[in-house]
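[1] Please find the sequence and the predicted model below.
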Amino acid sequence: MAKRIFDALVDLFGNHPVYILLGMGALYSILELIEGRSFMKGLVSSSLYSFAKSAFFTVLFLSLIGAFAYQAIFVEIDKFKKAARALDLTYHLKDHPTADVLFCSPLLRRGERRDIVSPILSGPYKGTPVVLFNLRYGRTESAGESHSFYYRSVVAFSVQGQGVPAFSLVPAREAGALFERIPGENAVPFEEDEAFSRRYVVKGLEPDVLKRMFGPDLRRALVQSPEPWAGGTTGEHLVLFRDGKTDDRVQEDAFAAYLEDAYALFQHITKR
């Protein structure tokens, strides 16, 4: 019943707040115009009319809140459920043991505030266990004068038993801000690939091994990507996510393409 009411509210007012505000303004103008007409004074007392108008705008305000709540909760959950069915993955509203572990890893320890802001999808993807979720983290900018939130769509593939060395990969612009939190790692030099060196920094405990792993095909794929990637290994998982914009979340209908791009990098990294 509640869902049908919310559906009707969304259909009536639209999902964008501008439409709702315009509708409220138009209705208020109409009511004010009617109230000012002389024939209304003979039909309805001013106190009754004021009560009716107040009740109307109370209902309208609650409808506004309801429409936003529906959009933020029910619609988004439905989208993730559809994405899970399309990708043959399992849907989890919030709790998932792998996501909880990844959330606490140094690779995702960005900003002063972090949380998972989407349902979690998990299951086998082309025979490899995978977990997908959206991460939000807050970072203080401009010497503490402002606070910004960043969003990333995180993909984690299981690399258990595949002997993938520990490493971390970030866009070069982020290296100074993030790598001091991951002690003991050494930068891997790629003097022979200037384009890759300008765009990315790779660090790990085994630079020689990582230099061989980040061969020409993997470096080319990372350089040719429209948006830079970040990630690395944490425990038994390889974490990958696009890392080029403030809000780099992937819409649910684009999860298939995003997973395929991440899987292509996963294949380069695990290739022997």
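    Thanks, I have it.
[2] where's residue 202 relative to residue 218, distance?
    Residue 202 sits 10 Å away from residue 218 when distances are taken as Cβ to Cβ, to the nearest Å. Just so you know, the C-beta spots here come from the backbone N, C-alpha and C atoms, and that holds for glycine as well.
[3] out of the two, which sits in the more crowded spot?
    For the pair residue 202 and residue 218, the greater number of neighbours falls to residue 202 (25 against 18), based on other Cβ atoms under 10 Å.
[4] thinking the more buried one is in contact with residue 187, fair?
    Yes: using Cβ atoms under 8 Å, residue 202 makes contact with residue 187 at a distance of 7.2 Å.
[5] Endpoint to endpoint, stretch 219-237 covers what distance?
    With Cα to Cα, to the nearest Å as the measure, the first residue of stretch 219-237 is 20 Å from its last.
[6] swap that for stretch 212-228, please
    21 Å.
[7] Could you list the buried residues of that stretch?
    Of the residues in stretch 212-228, those buried under the neighbour-count criterion (16 or more other Cβ atoms under 10 Å) are 213-214, 218-219, 222, 228.
[8] do stretch 228-241 as well
    Of the residues in stretch 228-241, 228-234, 236-241 count as buried by neighbour count, 16+ other Cβ under 10 Å.
[9] for stretch 126-141, same thing?
    Neighbour-count burial for stretch 126-141, with 16+ other Cβ under 10 Å as criterion, is recorded at 129-137.
[10] hang on, the earlier thing: the buried residues of stretch 228-241 in strands, which ones?
    The strands in this structure, assigned by DSSP state E, contain 229-234, 237-241 from the buried residues of stretch 228-241.
[11] Mind picking the lowest-pLDDT entry from those residues?
    In terms of pLDDT, the lowest of these is residue 234, showing 89.
[12] Run a quick neighbour tally on the nearest residue to it once chain neighbours are set aside.
    Distances taken as Cβ to Cβ, 6 or more residues apart in numbering put residue 105 closest to residue 234, at 3.9 Å, once the chain neighbours are dropped. Counted by other Cβ under 10 Å, the residues lying close to residue 105 total 16.
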